[in-house]
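Trainee: coords please:
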Amino acid sequence: MNNALTEQLNKEFEKTIKIGLVSTIDENNSPHITVLSSIMGKGTSQMILGKFIEGYSKEFFQKRPKSSFLIMNTNKEFWIGKMNYNHESKEGEDYINYNNQPLFRYNSYFGINTVYYFDLVKISDKLVLPMTKVIYNAILSKLFKSKYKGDRLKKAMNDWTYHFLSKMDTLTFISYIDEDGYPKIVPVISAQSASSSRIVFRNQPFREMLLPIKKGQDIAILGFSMTMETVLVKGMFSGFDKMGLGYLDITRIYNSMPPVHKYIYEEKVKHE
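Mentor: Residues are numbered from 1 along each chain as shown. You can find the predicted model right below:
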């Protein structure tokens, strides 16, 4: 891990065509993942992002500054990092630059209305999504998910969410709170709906990044498609078995698509 941005990284991150994810800490001290493609670097020690729609993540990082990010380019190269929220601005050079980007400059409905600033803590070296291994693990998850159906009477996901998280081309990312108190984001492209209340995934190809997750820990999985369909599921982690398979038992589902961002399913769970 590195503690400074380079000019090359800043040029990479300022591209508008990319996957940008930010993980924050919600009111239950659990991870919350948001698609924020406006995230980019500034100088050597700051990350910035622009708000153009309302969502819970902005509230979360202002109350609990420890956050993390994942940025992936079209070549399936990605970087993950940790950052602390610092302040916001509704004017200035960055505000103007955001709103001059084609995506926002020619948008009749909304533009960037607030810029948020974060202090960079750490950023990884460049990582690459190994597609052969990703496809292999997705097939394994699909083949064995019937063994992990769980409570079939529990109806957490609606039909759309269940089928969306069963598609081979839906990208999935997991977040958990690391031992240092920061959320962490890891690609788990192999995640699959096993039932309407359970998501199964394998700890490959990024096993070392997933092993710190403890059995019974709260985790979140974001489903994301290149057509900008998204859904976020949260729940308890089972631990990994001998095959490297584990699952999330769903307790909450968050609609992260416009126009209304809100929880669409919540199970009453006691948090210590």
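
Trainee: ok but Ile96 is inside a helix, no?
Mentor: Yes. Counting by DSSP: H, G, I helix; E, B strand; the rest coil, Ile96 is part of a helix.

Trainee: distance of it relative to Asn158?
Mentor: 41 Å (Cβ to Cβ, to the nearest Å). All C-beta atoms are positioned from the backbone trio N, CA, C, and that covers glycine.

Trainee: for these two, indicate the residue with more neighbours.
Mentor: Shown here are Ile96 and Asn158; by other Cβ atoms under 10 Å, Asn158 has more neighbours (14 against 11).

Trainee: so who does the closest residue to Ile19 other than its chain neighbours touch?
Mentor: Among residues not flanking Ile19 along the chain, Met72 sits closest, at 4.2 Å (Cβ to Cβ, 6 or more residues apart in numbering). Neighbour list for Met72: 18-19, 78, 129, 187 [criterion: Cβ atoms under 8 Å, 6 or more residues apart in numbering].

Trainee: hmm, 7 Å instead?
Mentor: Contact partners of Met72, counting by Cβ atoms under 7 Å, 6 or more residues apart in numbering, are 18-19, 78.

Trainee: what does Phe164 give?
Mentor: Taking Cβ under 7 Å, 6+ apart as the test, what Phe164 contacts is 170, 223, 229, 231.

Trainee: same check, this time on Phe69
Mentor: Counting by Cβ under 7 Å, 6+ apart, the residues that Phe69 touches are 21-22, 39, 47, 80-81, 83.

Trainee: counting neighbours, what do you get for the closest residue to Asp180 other than its chain neighbours?
Mentor: Spatially, and ignoring its direct neighbours in sequence, Asp180 is nearest to Lys82 (8.0 Å; Cβ to Cβ, 6+ apart). Neighbours of Lys82 under the rule other Cβ under 10 Å: 25.

Trainee: helices of this structure, start to end?
Mentor: In the chain, the helices defined using DSSP state H lie at 7-13, 56-63, 93-99, 102-105, 131-144, 159-164, 207-210.

Trainee: could you measure from the spatially most central residue of the chain over to Lys147?
Mentor: With distances taken as Cα atoms, centre = their mean, Ile33 lies nearest the centre of the chain, 3.8 Å away. In this view, Ile33 and Lys147 are 27 Å apart by Cβ to Cβ.

Trainee: of the helices of the chain, flag the one that's most buried.
Mentor: Neighbour counts (mean count of other Cβ atoms under 10 Å) averaged over each of the helices of the chain peak at helix 56-63, with a mean of 18.

Trainee: what is that one packed up against?
Mentor: Helices and strands touching helix 56-63, as assessed by 3 or more Cβ pairs under 7 Å, 6 or more residues apart in numbering; DSSP states H and E, comprise strand 19-25, strand 31-35.

Trainee: tell me which of those strands sits nearest to Lys133.
Mentor: strand 19-25 (18.7 Å; Cβ to Cβ).

Trainee: export the helices of the chain to JSON lines and append columns for mean pLDDT and distance to Ser196.
Mentor: Output for the helices of the chain, formatted as JSON lines (pLDDT from 0 to 100; distance: least, Cβ to Cβ, whole Å):
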{"stretch": "helix 7-13", "mean pLDDT": "96", "distance to Ser196": "37"}
{"stretch": "helix 56-63", "mean pLDDT": "94", "distance to Ser196": "23"}
{"stretch": "helix 93-99", "mean pLDDT": "85", "distance to Ser196": "39"}
{"stretch": "helix 102-105", "mean pLDDT": "55", "distance to Ser196": "35"}
{"stretch": "helix 131-144", "mean pLDDT": "88", "distance to Ser196": "17"}
{"stretch": "helix 159-164", "mean pLDDT": "94", "distance to Ser196": "6"}
{"stretch": "helix 207-210", "mean pLDDT": "95", "distance to Ser196": "24"}
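
Trainee: Throw these into TSV and include distance to Gly181, thanks.
Mentor: Below are the helices of the chain laid out as TSV (distance: least, Cβ to Cβ, whole Å):
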stretch	distance to Gly181
helix 7-13	24
helix 56-63	13
helix 93-99	28
helix 102-105	34
helix 131-144	29
helix 159-164	30
helix 207-210	17
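
Trainee: how about the ones you listed, which one is nearest Ser195?
Mentor: Of these, nearest to Ser195 by Cβ to Cβ is helix 159-164, at 8.2 Å.

Trainee: thanks again, I'm all set now.
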